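A.B. asks: no sequence on this one, just coordinates:
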């Protein structure tokens, strides 16, 4: 199995275990389930938005731990000042994340994406219960029918949907219920990164969907290039998290971006 297949197999076991620990009926009783959500789509379309979806990520399958002991509150508090939204990894086994990380980030008054491998409707209820505003659906591990079914249910729960694709064959996963389409420059099967993936695929993303580019973005010049191509959102995590102080690295990057945009 490739790494994505390994992750999905593990996730199927985890979801079954989660269902036994806490039922959907119990999730419905959680305070955040009835809370008003923030719109990432709205933020990305604002003219003065940085477009950055800043990610809190402790590790990755390809590089191991990036910043194992980073303080969630310190980092996401910095992100919230300038980012259009925040992404928080909740997968433990492969990314070192947790629902606790998400809970600590949730105090920030910005849209927060639950970044995980969503394969079951139960996870949507779980996302809503912990205060998520947006969920990620990854085309590489779902069929077009599964994407639509999960997207419909997510919308019924008041969640926005970011669909992640990586190549032309996954364009067929785009459906009406999807709010944003993210192009992952990292191939989840072998972890190779290529920005050209985004530049190629944006030409095929419907104009009704907000285009987001993900992974491999570390330079202001790259954002300017991708913005010129039409992208509204830029999901970045490792570029900040690899520093001793991700909050400071984020601030410095935003200042450089602002200077370049004004120049």
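C.D. replies: Yes, it's here. What you see is a predicted model; the values in this text were computed from it and never measured.
A.B. asks: the helix or strand where residue 114 lies: what's the following helix or strand?
C.D. replies: Per DSSP states H and E: residue 114 is located in strand 112-115. For strand 112-115, the following helix or strand on the C-terminal side (DSSP H and E) is helix 121-129.
A.B. asks: can you give me the angle the helix or strand that that following helix is followed by makes with helix 121-129?
C.D. replies: As assigned by DSSP H and E, the chain's next helix or strand after helix 121-129 is strand 134-138. Counting by axes from the mean of the first three to the mean of the last three CA atoms, to 10 degrees, strand 134-138 lies at 150 degrees to helix 121-129.
A.B. asks: doesn't residue 53 lie inside a helix?
C.D. replies: No. Counting by DSSP: H, G, I helix; E, B strand; the rest coil, residue 53 is not found in a helix; it is strand.
A.B. asks: which strand residues bridge it?
C.D. replies: residue 85, residue 235 (DSSP bridges).
A.B. asks: that one touches residue 87, doesn't it?
C.D. replies: Yes. When contacts are counted by CB atoms under 8 Å, residue 53 is listed as touching residue 87 (5.3 Å). C-beta: built from backbone N, CA, C; applies to glycine.
A.B. asks: and the closest residue to residue 101 other than its chain neighbours, its phi and psi?
C.D. replies: Spatial nearest neighbour of residue 101, chain neighbours left out: residue 72 (5.1 Å); criterion: CB to CB, 6 or more residues apart in numbering. Backbone torsions of residue 72, given as degrees, to the nearest 10, read phi -60, psi -50.
A.B. asks: let me see the contact set for residue 72.
C.D. replies: 56, 88, 101, 104-105 (CB atoms under 8 Å, 6 or more residues apart in numbering).
A.B. asks: same thing but 6 Å
C.D. replies: 101, 104-105 (CB atoms under 6 Å, 6 or more residues apart in numbering).
A.B. asks: touching stretch 228-240 from outside, list them.
C.D. replies: Residues contacting stretch 228-240 (CB under 6 Å, 6+ apart): 44, 51-53, 55, 57, 66, 199, 202, 210-214, 217-218, 223, 246, 249-250.
A.B. asks: which ones among the contacts of residue 72 map onto strands?
C.D. replies: Judged by DSSP state E, the subset of the contacts of residue 72 located in strands is empty.
A.B. asks: want to throw these into JSON lines with pLDDT?
C.D. replies: Formatted as JSON lines, the contacts of residue 72 follow (pLDDT from 0 to 100):
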{"residue": "101", "pLDDT": "97"}
{"residue": "104", "pLDDT": "96"}
{"residue": "105", "pLDDT": "97"}
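A.B. asks: now, which of these sits nearest residue 112?
C.D. replies: Of all the contacts of residue 72, residue 112 sits closest to residue 105, with 6.0 Å by CB to CB.
A.B. asks: for the closest one, the count of nearby residues, please.
C.D. replies: A total of 23 residues lie near residue 105 under the criterion other CB atoms under 10 Å.
A.B. asks: okay, the residue nearest to it when sequence neighbours are not counted: pLDDT?
C.D. replies: Nearest residue to residue 105, sequence neighbours excluded (CB to CB, 6+ apart): residue 76, at 4.3 Å. Turning to residue 76, the model gives it a pLDDT of 98.
A.B. asks: for my notes, confirm residue 76 occurs in a helix.
C.D. replies: Yes. Assessed with three-state DSSP, residue 76 lies in a helix.
A.B. asks: wait, isn't it in contact with residue 103?
C.D. replies: No. Look at residue 76 against residue 103 with CB atoms under 6 Å: they stay out of range, at 11.2 Å.
A.B. asks: list the contacts of residue 226.
C.D. replies: Here residue 226 is in contact with residue 213 (CB under 6 Å, 6+ apart).
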